[in-house]
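Undergrad: Could you work out the structure for the sequence below:
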Amino acid sequence: MKALILAGGRGQRLQHHTGSHNKCMLPLMGKPLIQYSLENAVSAGIDSIVIVVGYCAEDIINHFGTDFQGTRIKYVIQSERKGLVHAMECARDALDGSSFMLFLADEVFISTSYGEMLKRFHKENLFAICGVVCVEDLSQISKTYALMGDDQTNRIFRLIEKPRVAINNIMGTGNCIMRFEIFNYVERTPINIERNEKELPDLIQCAVDEGQLINYFNIGQGYFNINSPDDITLAEEQLHDRGKTSDYPPQICPASAPGQKVK
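TA: Residues are numbered from 1 along each chain as shown. As a prediction, the model looks like this:
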């Protein structure tokens, strides 16, 4: 099992802060944003780390080098910013056919439970498992993706990239564990007509449509996708108030919001 951390984006909505620096090196509670993903990867017990870098790649490479807390780091260059699926493609050879845990370097979680997530991936012989969080503000789901699934088995049937209307209270994140065979579905993944790039939920949906067993898992009790200065402020406030712990028991994440039943 390897960790794949995607850290190639510039972060246009943070341009004032990232004009000459990689977005993932922005400080959050006194350490670079990407370090939260690195720490989570190491705490999960992965064998090695692959980081996809692009914009101001030297910021990350020079800061972390080839080792983080005793775990080897390998870097892959994404020469063109064409989205998450393209970034994953760039790292395909570096993964050496291994299953991998995916991290987005601009995501931060509170009270994570990666140990249990990995345990379920192996025990249930899953093709992939998607980390999700349950939210009260359903408008937040439009920033990532929504999903529908079986609330007894947590099996996913449908993923929707940046939905205009939330279908339940489940918010998808970029923290997923996948078999290497997910790359078999890259070519058939459609290009998003608005962003002109292939999206992660559409890639996973291709595997779902072919009958692959893919579940969702509540990965944490708090989640921040850092895209604006306000996101940084909010994340620092909540991290300061609640702290950051590992292997916290996950909350129950129903497949539907109150008053709804997803079939």
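
Undergrad: chain center to stretch 41-49: distance?
TA: Distance, stretch centre to chain centre, for stretch 41-49: 15 Å (C-alpha atoms, centre = their mean, to the nearest Å).

Undergrad: ditto for stretch 124-138
TA: On C-alpha atoms, centre = their mean, the centre of stretch 124-138 falls 10 Å from the chain's centre.

Undergrad: buried stuff in that stretch?
TA: Buried residues in stretch 124-138, counted by 16 or more other C-beta atoms under 10 Å: 126-135, 138. Just so you know, the C-beta spots here come from the backbone N, C-alpha and C atoms, and that holds for glycine as well.

Undergrad: Farthest-apart pair in these, please.
TA: Phe127 and Leu138 (28.1 Å; C-beta to C-beta).

Undergrad: Residues contacting stretch 50-68, please?
TA: 2-10, 20-25, 32, 34, 38, 42, 49, 72-81, 87-88, 90-91, 94-95, 100, 105 (C-beta atoms under 8 Å, 6 or more residues apart in numbering).

Undergrad: same thing but at 6 Å, please
TA: The contact list for stretch 50-68 (C-beta atoms under 6 Å, 6 or more residues apart in numbering) reads 2, 4-8, 10, 21-22, 25, 38, 73-76, 78, 81, 87, 90-91, 94.

Undergrad: For ChimeraX, what selects the buried ones among the residues you listed?
TA: In ChimeraX, a selection of the buried entries from the contacts of stretch 50-68 looks like this (16+ other C-beta under 10 Å):
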select :2,4,5,6,7,8,10,21,22,25,38,73,75,76,78,87,90,91,94
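
Undergrad: Next step: the contacts of stretch 50-68 restricted to strands.
TA: Judged by DSSP state E, the subset of the contacts of stretch 50-68 located in strands is 2, 4-7, 73-76.

Undergrad: Most widely separated two among the residues you listed?
TA: Once C-beta to C-beta is applied, these give Lys2 and Ala7 as the farthest pair, at 15.1 Å.

Undergrad: Could you identify the longest helix within the protein?
TA: helix 229-242 (DSSP state H).

Undergrad: Just to check, Leu6 is in contact with Phe103?
TA: No - the criterion here is C-beta atoms under 6 Å, and Leu6 misses it with Phe103 at 7.2 Å.

Undergrad: could you give me the average pLDDT of stretch 209-222?
TA: Regarding stretch 209-222, the rounded mean pLDDT is 92.

Undergrad: Next, the buried residues of it.
TA: 212, 214-222.

Undergrad: chain center to it, what's the gap?
TA: The answer for stretch 209-222 is 12 Å, by C-alpha atoms, centre = their mean.

Undergrad: Quick check: end-to-end length of it?
TA: Taking C-alpha to C-alpha, to the nearest Å, the first and last residues of stretch 209-222 lie 30 Å apart.
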